[in-house]
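Colleague: A predicted structure for the sequence below; I have some questions about it.
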Amino acid sequence: MAGLREDIVWLEKLAPLLADLPENVRNMWHYGVTEMINNAIDHSEGTMLTVHFERTALDVEIWINDDGEGIFYRIQRLAKLYDAREAILELAKGKFTTDPANHSGEGIFFTSRAFDSFVIMSRTLNFSHMAEQGDWLIDGDRDIPGTRVLLKLDNDSQRTLNSVYAQFSEPDEFTFSKTIVPVRLARHEGEKLVSRSQAKRLVSRFEKFKTVVLDFTGVEEIGQAFADEIFRVFASSHPEVELNPLHATTEVQQMIVRALAVK
Ligand SMILES: Nc1ncnc2c1ncn2[C@@H]1O[C@H](COP(=O)(O)OP(=O)(O)OP(=O)(O)O)[C@@H](O)[C@H]1O
Ligand SMILES: [Mg+2]
């Protein structure tokens, strides 16, 4: 991939195929495609990039494939994670990069939220984000070499890139200072969320944000140590970070209230 540039691939190969779409839709394609091709060039260590394009009257679907190390394994190796699945939690939080000198960890976070469907398949793991549905980790039944990113967007989508950015900034600030974290991604398969170490995995890098929304969808209950580590220990050592629980069941809410009551 030496010498390949994402802006040239966009201009020469893809922009002409999308030229008649509304401006907001073209802008999102421009952003998402160049971010994902830049990732393949800068991070994959692969030798080949393949782009698959499919357009119907309703939508456009683009696949960007590389034959490199594979995103989840690269993150596991460079960030020294115990399990490659933990890479998906880090990507879902945002501001995660394995190359902080040259990158800021925004590409996947914002691209995943700009599109109607966003899926990354790499080896046996899939990370998927569907509009309005949050992030999911799926164990795939195939072993896909390298990294494959699927982007799909309605041709008449009303979404704009600015509206996506605005969701994750404080009003009138325009900086990436807010995130929504799917709490269920902090557990390994079949686990309950009970321990301090699970909570520490969840809150790591929360201090990079002003507001963290903890989305408890899919989490029925949490344990006392887990709640205490987040809502008392982390919260008292990082008073500048606002923690907002969302979609918490009554059981989860009770544990949070209990943690907050401890002085
Ligand atoms: N195609 C890929 N192959 C291997 N690893 C990848 C690939 N794409 C992304 N990654 C890994 O995922 C991380 C997050 O990617 P993301 O695009 O969100 O942020 P970034 O590229 O580091 O920063 P930015 O996009 O803001 O320049 C990267 O730092 C890299 O470790
Ligand atoms: Mg990137």
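Modeller: Yep, it's here. Here the structure is a predicted model, which means the values were calculated and not measured. Numbering: from 1, shown residues only. Ligands and ions are numbered 1, 2, ... in the order given.

Colleague: burial count for the residue in the chain positioned nearest to ligand 1?
Modeller: Using Cβ to the nearest ligand atom, the closest approach of the chain to ligand 1 is made by residue 107 at 2.6 Å. No exception for glycine: its C-beta is placed from N, CA and C like everyone else's. When neighbours are defined as other Cβ atoms under 10 Å, residue 107 has 21 of them.

Colleague: quick check: closest non-adjacent residue to it.
Modeller: Leaving aside its chain neighbours, residue 107 sits nearest to residue 35 (3.9 Å; criterion: Cβ to Cβ, 6 or more residues apart in numbering).

Colleague: which element follows the helix or strand encompassing the one you found toward the C-terminus?
Modeller: For residue 35, the host element (DSSP states H and E) is helix 23-43. Where DSSP H and E defines the elements, the next helix or strand beyond helix 23-43 is strand 49-55.

Colleague: for the record, mean pLDDT for the very next helix or strand once past that following strand?
Modeller: Per DSSP H and E, the first helix or strand lying C-terminal to strand 49-55 is strand 59-66. Mean pLDDT, strand 59-66: 98.

Colleague: CA atoms only for strand 59-66 - export them in CSV, please.
Modeller: In CSV, the C-alpha atoms belonging to strand 59-66 read as follows (Å, rounded to 0.1, in the frame of the first residue of the first chain):
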residue,chain,number,x,y,z
ASP,A,59,-28.7,3.1,-0.9
VAL,A,60,-25.0,2.7,-1.4
GLU,A,61,-22.8,0.1,0.2
ILE,A,62,-19.0,0.2,0.2
TRP,A,63,-16.7,-2.4,1.5
ILE,A,64,-13.1,-1.6,2.3
ASN,A,65,-10.8,-4.6,2.7
ASP,A,66,-7.2,-4.9,3.6
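
Colleague: close to ligand 1: what parts of the stretch 1-150 of the chain are there?
Modeller: By Cβ under 6 Å from any ligand atom, the residues of the stretch 1-150 of the chain that approach ligand 1 are 35, 39-40, 43-44, 66, 68-69, 71, 74-75, 96-99, 103-109, 147.

Colleague: which ones among the residues you listed also lie next to ligand 2?
Modeller: By Cβ under 5 Å from the ion, the members of those lying near ligand 2 are 39, 107.

Colleague: so the helix or strand of the chain with the lowest mean pLDDT versus helix 23-43, what angle?
Modeller: The weakest-scoring helix or strand in the chain, judged by mean pLDDT, DSSP states H and E, is strand 134-154 (a mean of 89). Per axes from the mean of the first three to the mean of the last three Cα atoms, to 10 degrees, the angle that strand 134-154 makes with helix 23-43 is 120 degrees.

Colleague: quick check: next helix or strand after strand 134-154?
Modeller: Heading C-terminal from strand 134-154 (DSSP H and E), you reach helix 161-167.

Colleague: buried residues in that next one?
Modeller: By 16 or more other Cβ atoms under 10 Å, the buried positions in helix 161-167 come out as 161, 164, 165.

Colleague: can you pull the contacts of the residue nearest to the spatial centre of the chain?
Modeller: Nearest to the geometric centre of the chain sits residue 92, at 3.1 Å (Cα atoms, centre = their mean). Residues near residue 92 by Cβ atoms under 8 Å, 6 or more residues apart in numbering: 109, 127, 129, 135, 181, 182, 185.

Colleague: follow-up on the earlier one: measure the residue nearest to residue 107 to residue 28 for me?
Modeller: Residue 35 sits 11 Å away from residue 28, taking Cβ to Cβ, to the nearest Å as the criterion.
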